[in-house]
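J.: sequence and computational prediction follow.
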Amino acid sequence: MSVLQADALVKEYLVRDGRRRITLRAVDELSFELLSGTTVALVGESGSGKSTVARMLAQLVRPSSGAIRLDGESVSSRGRGLRRYREDVQLVFQDPFGSLNPFHTVDHHLRRPLRVHRRVESRADEDRQIEHLLERVNLTPPARVAGKRPHELSGGQRQRIAIARALAPAPRVLLADEPVSMLDVSIRLEILNLIDRLKEEDDLAVLYITHDLATARHFSRRILVMYRGELVESGESDEVILRPRHPYTRLLASAAPDPRRRLGTDPVSSGLSSGGPESPVTPSVDASKRSTSGATEGDASGGCRFRQRCPSAMAMCAQRPPILPVGDGHTARCWLYRDGAGF
Amino acid sequence: MAETRTPHPSSAAAGGLALPRSSRARGMLTDWKLRLGLIIVGLFALIGLVGPLLIADVGAISDEALHPPSSNHLLGTTQTGQDVFGQLVYATRGSLIVGLVVGVLATVLSVLVGVVGGYLGGRIDEALSLISNVVLVIPSLPLVILITNYLDGASILTIALIISITSWAASARVLRAQTMSVRSRDYVDAARAMGERTWRVILVEILPNLLPVIASQFVFAIIFAILTEAGLSFLGLGGIDYLTWGTMLYFAQNAQALALGAWWWFIPPGLAIALVGAGLSLINFSFDELINPRLRVPKSIRSARSASRKRRRS
Amino acid sequence: AGGGATAITVYTGSTGQLTANFNPFILTSNQPARGIVYEPLMFINRARADEPRPMLAEDYRWNDDGTAITFDVREGVQWHDGEAFTSEDVVFTFELMQHNDALNTSALPIESVEANGESEVTITFDRPAYTDLETVAGSTFIVPEHIWSEIDDPATFGNAEPVGTGAFALETFSAQSYELTAHEDYWDGDKPYLDSLRFVSHSGNQSALSALTAGQIDWASIFIPDIENTYASRAEGNHYEVTPVYISTLGANLDEGPTSDVAVRQAIYRGIDRDQVNELNYDGLSTPTTPGMLMLPREEEFLTEELRGVVPSHEPAEARSILEDAGYTEGADGIYVSPDGEPLRIEVKVVTGYTDQIATLDVMRQQLAEIGIDLAPREVSHASFVADRDNGNFELVIDNLYGGATPFTLYEDFFASAGAPPIGSPATKNFARFRSDIVDEALEEIAATQDEEVHREAYGRIQTELAEQLPYIPILQSMALTQFDGAKVTGFPTQDDPYALPMTHSSPDLGVVAANLRPAE
Amino acid sequence: MTYLRRKLVFYLIAAWVAITVNFIIPRLMPGSPVDALLGRLQQAGGTVTPETRASLEILLGAGGQGNLWEQYLGYLQNLIRGDFGVSSTYFPTEVSTILGAALPWTLILVGLCTCLSFLLGITLGMVIGWRRGSRLDNLVPIATFLAAVPYFWLALVLVFVLGSTLRLLPLTGGYEYGTVIGFNWEFIGSALYHALLPAITIVLSSVGGWLLGMRNMMVSTMGEDYVLTAEAKGLRPRRVMVTYAARNAVIPSVAGFAISLGFVVSGSIVTEVVFSYPGIGFTLLQAVQNNDYPLMQAVFLVITLAVLGANLLVDLLHAVIDPRTRRAV
Amino acid sequence: MTSTEPEPTTERTSDSAPVAIGAPVLTVRGLTVEYETEPSVRAVADLDLVLHRGEILGLAGESGCGKSTLAYALNRLLRSPARIVAGSVHLHSGETDIDVLGLTGADLRRFRWKRIAMVFQGAMNALNPVLTVRTQLVDVLAAHEPRTSAADRLRRCTELMELVGVDPVRLGAYPHELSGGMRQRVMIAMALALRPDVLVMDEPTTALDVVVQRDILRELTALRARLGFAIVFITHDLSLLLEISDRIAIMYAGRIVEQASAGRLLTAPRHPYTVGLLNSFPSVTGPRRRMRGIPGNPPDLSAPIAGCAFAPRCPYRRQPCEEHRPELAPGSMAACHAYDASVYGEDVPAALSRGEFQPIDTVEVIEA
Ligand SMILES: Nc1ncnc2c1ncn2[C@@H]1O[C@H](COP(=O)(O)OP(=O)(O)OP(=O)(O)O)[C@@H](O)[C@H]1O
Ligand SMILES: Nc1ncnc2c1ncn2[C@@H]1O[C@H](COP(=O)(O)OP(=O)(O)OP(=O)(O)O)[C@@H](O)[C@H]1O
Ligand SMILES: [Mg+2]
Ligand SMILES: [Mg+2]
């Protein structure tokens, strides 16, 4: 069942570029929906706007246009409506070292959301709930953990606290912005498994943001691929990763490290030419602009954003491609599939 | 770029402005710099606090004019036979009052301007930081001189007020930068996403993490205030209702104490200023080290260096 | 200090940058402008009750009602630029003042100025002006018409290259010092005896004192504590002179507050131990004053018999009984309480930074506490001190009374009811707001005549009244110290021969003294 | 360049604020220059009558004409013409003349000393930071102490010890009496000789701050990866220290230099007083003691504008040494 | 004492060009590094390592296991409070054999970068922000080849930039004007400036995008093929290591617990920790499996560890594991008691040899 819907979300930033002030479209008309009990992964390179999406959904950033719908209803961005929305939609941040206030104890971090969202009647009830939350994220014994401050915990433990905090208001949607990218490989799985389990238990709708295609594939049902603020491909996880359609997704998939390649084909010479701005092919492009030029006004009108790097670029790409179906529930924003070529 | 580096356990505390682990705090107390600073400042604070209670009449004159230090008069007497030690005790209170009042007022102002501006951002921040930058570049002593001179025989509190008004800006700038850095931490967003109100985010989530910085700015404001007040008083523009180290110096200077060889009248107040200033700076060092753990000199460097020195010598 | 120098260095108290201002009409001009470079018609000695001495005028006379004065202008005088000094210059100078309020700082009521030939100038006033003699003859400096007639606005004329008639003329000038050299054609015989005078600037007493003890200054008037040890005994020729210059007083508010009760003023008068004040604050150099408010010993001859030998003395018991007789009772804390139930807690205002006065008050506070009066010094800025004092917004102020060449000036300034407006409007001098018919009548009589006997008798009446009323409670006669290097130069006024005030900052006296200085043998 | 333009705009605003504050303060405060001048004359034994007051009021133009806005416009016009009015202390000398004579002394003394102590502090701080933990660290508490010593007190003690007692150095003044100001060796030599004691004071009491700041920054910077990389590159320690560590560590000090400049100027005001140094600080004290409002205001403005100008210069310097600032932020 | 004989070259499934793996170029024996803090931390303990000419040695392990410390120690870059307590590092270059730990002063300076160059994680931080790229490149040349002319050096800089695929026009740029990828390339160019024998790369691509990372690695392997230097590649991204390195050493708590060719490590891991690591990341293309990661935390290096440091987290632990520390014996390839029946008391657990971390769980293939 669709819980949260993003409807043509746009976020524009005014940034200073040298002398000029330019509008940067960090997110451009993004639409998707989150279903309860389902994980959707949002992948894309750095600066493609993934976090901006999460922050808009968490109402930390106001969308420039577009709508967010909870249970099909447009949500309010202030006052009690906002508070109710936040009860339902919670966010887990990337950096477990930064998302917990070093000054406060674990107890404080969990007690506040309970209080703010009035989920408790009495202090004893509060204590019980905190204990329960800690147990749910496998932090036992709760009493030992509750009094600690973040710096006394390991990264994995902190991230579990962060998740427990997000669970405190009993949300229906969990937005996880690269929840494990700062953790050691060995503990990543633990966190992802935890989220997965909680999703099952609470019937959560989860948005899993990552740049790691492997975990995206393994932990989500659907994958959305973003490139410079645009949704370029979406579909069932395995479809998108194993049979990518959009040239960018192909590039991404081929670039992901994969020990299995060692057993098979030569990794280095396989796949597409990446031809990024750093490549010797276009060395004079000021790559420092890359991160800010996600979608300047200049190229917003200028057709497909990937065309400079795209091996299959053609004349038509100067116009912005529409989202085209390429398979069962699988779409790509690419002219290659303009006449149903995807099927 | 995605920061995917896994920070060291030790660098996490360094990155945030976390309060010290209790062990670190204990380690700091053993630091001789902090200890010395605390002893000096504590001593003067004690003198300023209880000293005046023990002295009958600081203005009491006697016919023993300009006597050098003796058992009767620990620091000798002034030209009107007043006891220099007694004056020093009272002056300690006066100077410390100026220091404290300015410390508190300037810190409150700088927290208001710096933290609020840094947190809210946007137009408000632009306006506030313009104000603080302007106040910052206008040299304060001439301005204070100008104002006090126009004022009608200013009291010590007025003087403190004026010094506060001209001395908060640097702190505000530091605090603004720190606030912006703390503000960009995820835990602030986390608190917002959780539904905390703005004032609560500032007070509960941000301010505690700025405490070491605020404390450092507070200490600095005290030093600045004591020095400025001394300068003002020395020029004859000080507060008129309280004895401070600066007023003592002014009177000593006017009575040509140095020309008369009455060093006991002139040296102690200046030395007191320098000592308290140095003591406070030493305390500030520890705050600096708290904010920036890199500044701490590990013991092993010292021992390694001294060992290598010994080796070279032998 | 070497022997016999023909050039000496003088410190007049100028601090900071020197500016090349030698306009004698402006009080901010450099001191030598008034007395050394430019000269008055007569010299009126304020150090001793002398007859006015001839300078640019050889003599003067009043008309019968004192509304006109005629000067016999000296002949053969040359300006520094070689032009001849004439009676026209005198006329020009007084007309300049007549037509220019800004220059007429003493508001001389000049009606007309006329030269009667080469050697006589008559100035007519619109009222009897006997009492203005000091200003007209003694402190109006004659400027050359041939230069000053060209000046657009003499009131703001900097006059960087002054041309006067005085014994020395300006030679070089810099922001730190300037030098005057002898005027070869000076009218007064062989004078001057010195070749040059260098005037220097210092940041203040401290640095001037250093320079003085280092032998870098030969003539100065600065306050030096413990002068015997810090200066006089340091070098062979180091001498100093003590000159009484004003009476320091506690000015009382006679219209309001505790001090409006004469008993309180009398008690304070007796409660002060002036010797202690003198010893602690003035190294014992100040001299006792008289309740008759005269400068002693110079004006001793004007003191009424009754008050001869009477000096304010410390009589605490007497003070207490005065208070008790007036109905005051001693409170539990030792402070007297007035019949109205108000404790005698009296605030005394003092200018912040006037350290000697502050110290004096410290001493007196302790002394008055012994007679049950709680003196509470309060420091205020100079500006508000002046404003409060003049508007009557005070209980007591510590302030100095300045007189002129005769007692009349001080009496008229401070004690005439004409100068005592109601509280709230500013008084120029009589801030105590002393009003007494006796005094007013006596002053009128004096102003109307030159008869010395009448003067003396009227002064006596005034003094008796003042000694009773004590509107300004006298403390001491404050003195000025003057230091000079006797090993280099001689010829300074001394106590034995006070031919002029010796201070470097008193005009025109320093001109007279400068002309009299000789290299030491 | 945007950076520069932003800075320029900022300094214009700051200058305008200073100018306006200067206009407003006296209008909010009690007291009048005429009263003050009268008081001063009286002290000196002058004769003061009601008429004297009247004539002085005419001279000093007390009692402003027109409403506040007109006064403000007039004030601005005068400023643009460099007309600060007439000093009451030095009447009838123009304030601008007095400033003109005082300014070079301060600029040279304070300017040179500030630069000297900055360079000295930076260099010492660099070395101490570089050899952290060595015996050089003992300089730190000394520097702390020096930084806390009041300028004027140090000055007086130095005067007492070096000048009065040991008679090594001249106590007061900017040059020997009798030397003629100008470009001659006698004068310059004498000026340098006289500047020595004030210079020592200013350097001694301000070097500590620079030293400490630089040391701390140096220590922090030494932990940066690029310093480690430089070391790994096998560069000479001196090059690592200067070009890699110090070059970066000095950036905050340079930024702080601007701010501290105001502090140093304030300190030197008092120092000039002690040494009767014929500079702007001493002039300010004169003005203050004589309630010479026009002069006081002008000195405040000149000091402020000088500090602002120096700040601007420092900002330019900052742009030179830190390439990151050249791009707009 | 060591297990560092090279794997037979034939076993390598090579990258683009076959690189002849030669004689050892760097030998580390018994290296022990401590941080002399309160309490002191033994970050590298009794570590042996041999690096061969032209090979890529991957060094993997959890955060804080001492990888960076080891890297710094190789180039003598450790600063107080770190101290090399014991061991030796030798660099063999042609005839010469350099005792790295014995170098001092000018010798050490000449050694650095010429023999061992380094690329650190954040190129932004490793480049001096206030100097242009050119200055920093020239610095290296000037320090080591003082006799070359300025023009010469500039030419070399141009060549180096071209070598790593950055337009030489960018030589005049300041670091902040370059993108992350370009900065990292500049760092690599700088590292190659003196044709070092060994390149130590400490997480050189962690901060980069996968696509950019791929580009750089591609370039790096090509350069290695051309220039023949050896690389110590440090990262905790095991899947990356497995893909690019010839040999991999797994570090845990300051020690190497397993060393093997990349191929063997992937197919037949020995140490339970390695097994756990391999179970910690899914494959992009492979089948879906249920995976666990490794529960628990790395040990505190400041307390002495009696037995196997991994024992507390090890599902295969037995009593002896907590008492005796297993050595990385030449034959065993893994420092684990499980391969020594005499200590372990039983045969190698079957699940372990199947490469399963959890002995109870069977691999659950959810989807093909
Ligand atoms: N507050 C802001 N002001 C201006 N630009 C911003 C702001 N926040 C984000 N951006 C820009 O928007 C774009 C998208 O940023 P976002 O953080 O959403 O990317 P991301 O996909 O999360 O990247 P990463 O993988 O690095 O986290 C970037 O180009 C970024 O520079
Ligand atoms: N300056 C230091 N003082 C004290 N201990 C330190 C210091 N630097 C590192 N350590 C400790 O040494 C151990 C090894 O650190 P090292 O940086 O070598 O780990 P690493 O494997 O590189 O980790 P990462 O993957 O996070 O980079 C860690 O436990 C760390 O806490
Ligand atoms: Mg992000
Ligand atoms: Mg590392």
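T.: Great, that's in hand. Ligands and ions are numbered 1, 2, ... in the order given.
J.: going by C-alpha atoms from here, please, whenever you check contacts or count neighbours.
T.: Noted.
J.: could you pull out the helices for the stretch 1-150 of chain A?
T.: Secondary structure of the stretch 1-150 of chain A, counting by DSSP state H, counting those that start in this stretch: helices at A:50-57, A:79-88, A:106-116, A:123-136, A:142-146.
J.: return the most buried member of those helices.
T.: Compared across these, helix A:50-57 shows the largest average neighbour count, a mean of 23 (mean count of other C-alpha atoms under 10 Å in any protein chain shown).
J.: near chain B at all, it?
T.: No. No part of helix A:50-57 sits close enough to chain B to count as contact by C-alpha under 8 Å from any C-alpha of the partner chain; the gap is at least 8.9 Å.
J.: export the helices of the stretch 1-150 of chain A to JSON lines and tack on distance to residue D:97?
T.: Conversion of the helices of the stretch 1-150 of chain A to JSON lines gives the following (distance: least, C-alpha to C-alpha, whole Å):
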{"stretch": "helix A:50-57", "distance to residue D:97": "62"}
{"stretch": "helix A:79-88", "distance to residue D:97": "65"}
{"stretch": "helix A:106-116", "distance to residue D:97": "67"}
{"stretch": "helix A:123-136", "distance to residue D:97": "77"}
{"stretch": "helix A:142-146", "distance to residue D:97": "73"}
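J.: what residues of the helix or strand containing residue A:201 count as buried?
T.: For residue A:201, the enclosing helix or strand under DSSP states H and E is helix A:185-202. Residues A:185-196, A:198-199 are the ones in helix A:185-202 that count as buried (16 or more other C-alpha atoms under 10 Å in any protein chain shown).
J.: ok, the spatially most central residue of chain C - contacts?
T.: With distances taken as C-alpha atoms, centre = their mean, residue C:402 lies nearest the centre of chain C, 5.2 Å away. Under the criterion of C-alpha atoms under 8 Å, 6 or more residues apart in numbering or on different chains, the neighbours of residue C:402 are C:245, C:246, C:247, C:410, D:45.
J.: identify the bridge partners of the third one.
T.: Read that as residue C:247. Beta-bridge partners for residue C:247, by DSSP bridges, are residue C:401, residue C:477.
J.: shaky segments in the chain?
T.: Picked chain A for this. Within chain A, the segments meeting pLDDT under 70 span A:16-20, A:262-301, A:340-343.
J.: my bad, the chain I had in mind was chain D
T.: For chain D, the stretches with pLDDT under 70 are D:1, D:26-67, D:88, D:91-92, D:163-183, D:259, D:264, D:291, D:326-329.
J.: for the helix ranked longest in chain C, packing partners?
T.: Among the elements of chain C assigned as helix by DSSP state H, the one spanning the most residues is helix C:452-469. In this structure, helix C:452-469 packs against helix C:262-271, helix C:437-447, with contacts taken as 3 or more C-alpha pairs under 8 Å, 6 or more residues apart in numbering or on different chains; DSSP states H and E.
J.: tell me the most packed of the contacts of residue C:402, by neighbour count.
T.: Among these, the one with the most neighbours (other C-alpha atoms under 10 Å in any protein chain shown) is residue C:247, at 27 neighbours.
J.: that one contacts residue C:476, correct?
T.: Yes. Proximity of residue C:247 to residue C:476 meets the contact threshold set by C-alpha atoms under 8 Å, at 5.9 Å.
J.: mutual contacts of these two, please.
T.: residue C:289.
J.: now residue 149: closest residue in space, sequence neighbours ignored.
T.: Just so you know, I chose chain A. Nearest-residue entry for residue A:149: residue A:105, 4.3 Å, with adjacent residues in sequence omitted and distances by C-alpha to C-alpha, 6 or more residues apart in numbering or on different chains.
J.: oops, wrong one, chain D.
T.: Distance criterion C-alpha to C-alpha, 6+ apart; nearest residue to residue D:149, sequence neighbours excluded, is residue B:274 at 4.3 Å.
J.: now do the strands in the stretch 151-300 of chain C.
T.: For the stretch 151-300 of chain C, strands defined by DSSP state E, counting those that start in this stretch occupy the ranges C:168-173, C:177-182, C:196-202, C:219-220, C:238-252.
J.: looking at those, which is closest to residue A:251?
T.: Proximity of these to residue A:251 was assessed by C-alpha to C-alpha; the nearest stretch is strand C:196-202, lying at 83.1 Å.
J.: the closest one pairs with which strands?
T.: With DSSP bridges as the criterion, the sheet partners recorded for strand C:196-202 are strand C:7-15 (parallel), strand C:177-182 (antiparallel).
J.: dump those strands into TSV; add distance to residue C:70, mean pLDDT and mean neighbour count as well.
T.: Supplementary listing: the strands paired with strand C:196-202 in TSV, determined by distance: least, C-alpha to C-alpha, whole Å; pLDDT from 0 to 100; neighbours: other C-alpha atoms under 10 Å in any protein chain shown:
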stretch	distance to residue C:70	mean pLDDT	mean neighbour count
strand C:7-15	34	87	22
strand C:177-182	31	92	21
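J.: could you say which one of these comes nearest to ligand 1?
T.: strand C:7-15 (59.8 Å; C-alpha to the nearest ligand atom).
J.: does anything pack onto the following helix or strand past that closest one? Which helices or strands?
T.: Proceeding C-terminally, strand C:7-15 gives way to strand C:42-43 as the next helix or strand, assigned by DSSP H and E. For strand C:42-43, the packing partners by 3+ C-alpha pairs under 8 Å, 6+ apart come out as strand C:53-54, strand C:57-62.
J.: who touches the last one?
T.: With C-alpha under 8 Å, 6+ apart as the contact definition, strand C:57-62 has outside contacts at C:41, C:42, C:68, C:69, C:70, C:71, C:72, C:73, C:74, C:130.
J.: hmm, 6 Å instead?
T.: C:41, C:68, C:69, C:70, C:71, C:72, C:73, C:74 (C-alpha atoms under 6 Å, 6 or more residues apart in numbering or on different chains).
J.: buried ones in that strand?
T.: Neighbour-count burial for strand C:57-62 flags C:57, C:58, C:59, C:60, C:62 (criterion: 16+ other C-alpha under 10 Å).
J.: can you list those residues in JSON lines and add distance to residue B:33?
T.: What follows is the buried residues of strand C:57-62, written out as JSON lines (distance: C-alpha to C-alpha, whole Å):
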{"residue": "C:57", "distance to residue B:33": "78"}
{"residue": "C:58", "distance to residue B:33": "80"}
{"residue": "C:59", "distance to residue B:33": "81"}
{"residue": "C:60", "distance to residue B:33": "81"}
{"residue": "C:62", "distance to residue B:33": "83"}
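J.: ok, back up a step: any chance of the helices and strands packed on helix C:452-469 in TSV, plus mean pLDDT?
T.: As requested, the helices and strands packed on helix C:452-469 are exported to TSV (pLDDT from 0 to 100):
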stretch	mean pLDDT
helix C:262-271	95
helix C:437-447	92
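J.: reformat the ones you listed as TSV; add mean neighbour count.
T.: Compiled in TSV, the helices and strands packed on helix C:452-469 are given as follows (neighbours: other C-alpha atoms under 10 Å in any protein chain shown):
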stretch	mean neighbour count
helix C:262-271	24
helix C:437-447	17
